[in-house]
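from the sequence below, what's the structure:
(chains A and B)
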Number of protein chains: 2
Amino acid sequence: MAISDAYTKSFIQPRDALLMEMERFAEENYVPIMQLPAIEILLQMLRIQNPTTILEIGSAIGYSAIRMAKTLPDVKIVTIERDEKRIEQAKHFLSKSNVKDRITLLEGDALEMDVESTYPSFDAVFIDAAKGQYKKFFEKYSPLVKKDGILYIDNMYMHGLSDLDIKDVPKRKRTMIKKLHQFAEWIIANPAYYSTFFPVGDGLLICVKR
Amino acid sequence: MAISDAYTKSFIQPRDALLMEMERFAEENYVPIMQLPAIEILLQMLRIQNPTTILEIGSAIGYSAIRMAKTLPDVKIVTIERDEKRIEQAKHFLSKSNVKDRITLLEGDALEMDVESTYPSFDAVFIDAAKGQYKKFFEKYSPLVKKDGILYIDNMYMHGLSDLDIKDVPKRKRTMIKKLHQFAEWIIANPAYYSTFFPVGDGLLICVKR
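Prediction:
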């Protein structure tokens, strides 16, 4: 029996004033931040993994970076965003937070940027960025993940598009969804990772590097 | 949008012959073993936590104990079962497995048994036992969990009963469901644990000891 969203949310505690403000801002301005039940699970996984360095691809307004930094008191986070409006919003919210000293915002396209010469390795990489580019992000950034490190990849379900027969996917999205299917098949069969799909939020794939 | 079971299952790889035999046996004999998407997630959490000792309360036929032992090559598992028929079935399947040397089956009621004088501490405790006794199991066994250790508690959703107005719960189950609600409120507010609800399978609560 499917578990209701209301039941799941009954376990979620209130967040602090800044986070609640960011949640309202995201809702009012249609910024797609991670859904609450999914971010709670991501944070619990991170508590267990206890990484000291995280790379986030797709900062949006900085909500998940701030939550990760508040959850892990020693972590340092590098987060990449290419949208100028989002960058300004993220800077605004980061400046109001008490974790800004541990978060570095890089501005630009993660696929074109040289991250590795300054930041050669990470314990965790969190991919929450442009859709249909999963394989490219994975190929560029998975070599930076240490052994036993973890890649967290959000939005695998694409709000249900991933689950449709390809002929039922709107034409302009078919190439993206086909690429996503190919990525899913490739990573699940890839012996260099233990990959497990978590059916929470919009679908979270968690890949542990062997 | 809720994620379909079929999509979630598309990520699950085949298991070995013994495990598949146990899954068929459980289905044919109505033994409630953990649902596949939920056990995959439990195993991924355990890979990340990497415990060396696990206590399982509720062995059933030994399926989850065998899967945990196969996933973690160095782990030692103590598992408790009180049902005589299940104990015989568990012994049968354990004897056919290649992990039997790392699994100790204790026969009896976990609430009445003296486990701690022989096994004083565990990295992880997995509670998958008689319903309505969660708080009692938690109180008896959480002191055995080391700092940073984890309690994994399955079946919080009770196939939907937990989500009903108490007046809609069948009368003979009301006391059990009331106790479960009290347990859920108590553990979520308990500052000695970071507790997160995972909406998978029949509802998995994961409590990290601070």
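
can you list the residues of chain A near chain B?
A:1-4, A:6-8, A:10-11, A:13, A:37, A:40-41, A:43-45, A:47-49, A:150, A:157, A:159-160, A:162-163, A:184, A:188, A:194-200, A:202-203, A:205-206, A:208 (Cβ under 8 Å from any Cβ of the partner chain). Quick note: C-beta positions are derived from backbone N, CA and C, even for glycine.

going through those residues, which ones are buried?
A:3, A:7-8, A:11, A:37, A:40-41, A:43-45, A:47-49, A:150, A:157, A:162-163, A:184, A:188, A:194-200, A:202-203, A:205-206, A:208 (16 or more other Cβ atoms under 10 Å in any protein chain shown).

residues contacting residue A:97?
Residues counted as contacts of residue A:97 (Cβ atoms under 8 Å, 6 or more residues apart in numbering or on different chains) are A:18, A:62, A:66, A:69, A:70, A:103.

please repeat the previous calculation with a cut-off of 6 Å.
Residue A:97 sits next to A:18, A:66 when contact means Cβ atoms under 6 Å, 6 or more residues apart in numbering or on different chains.

state the distance from it to residue A:63.
10 Å (Cβ to Cβ, to the nearest Å).

secondary structure element holding residue A:64?
Element membership of residue A:64, judged by DSSP states H and E, is helix A:63-71.

which residues touch the helix or strand following that helix?
Proceeding N to C from helix A:63-71, the next assigned helix or strand is strand A:76-81, under DSSP H and E. Residues outside strand A:76-81 that contact it (Cβ under 6 Å, 6+ apart): A:53-57, A:59, A:65, A:69, A:87, A:102-106, A:110, A:119.

let's see 8 Å
Contacts for strand A:76-81 (Cβ under 8 Å, 6+ apart): A:52-60, A:62, A:65, A:68-69, A:87, A:90, A:102-108, A:110, A:113, A:115, A:119, A:122, A:129.

just stretch A:195-205 next, same as before
In this structure, residues lying in contact with stretch A:195-205 by Cβ under 8 Å, 6+ apart are A:34-35, A:37-39, A:41-42, A:151-159, A:162, A:184, A:187-188, A:206-208, B:1, B:3, B:7-8, B:11, B:37, B:40-41, B:43-44, B:198-200.

now do 6 Å
If you take Cβ under 6 Å, 6+ apart as the criterion, stretch A:195-205 is touched by A:35, A:37-38, A:41, A:153-157, A:187-188, A:206-207, B:3, B:8, B:11, B:40, B:44.

show me what contacts the most centrally placed residue in chain A?
By Cα atoms, centre = their mean, chain A has its centre lying nearest to residue A:128, at 3.4 Å. Contacts for residue A:128 (Cβ under 6 Å, 6+ apart) come out as A:58, A:154.

that one and residue B:111: what is the separation?
44 Å.

cool, residue A:170 as well?
According to Cβ to Cβ, residue A:170 stands 56 Å off from residue B:111.

then residue A:56?
Here the criterion is Cβ to Cβ. By it, residue A:56 lies 45 Å from residue B:111.

who's more crowded, these two?
Set residue A:56 next to residue B:111 and count neighbours by other Cβ atoms under 10 Å in any protein chain shown: residue A:56 wins out with 27 against 16.

where do the helices sit along chain A?
A:5-9, A:17-28, A:36-49, A:63-71, A:84-96, A:134-141, A:174-188 (DSSP state H).

most tightly packed of those?
Stretch with highest mean neighbour count among the helices of chain A: helix A:63-71 (a mean of 24; mean count of other Cβ atoms under 10 Å in any protein chain shown).

next one: that one to chain centre, how far?
Relative to the chain's own centre, helix A:63-71 is displaced by 11 Å; criterion: Cα atoms, centre = their mean, to the nearest Å.

need the per-residue pLDDT for residue A:60.
At residue A:60, the pLDDT value in this model is 96.
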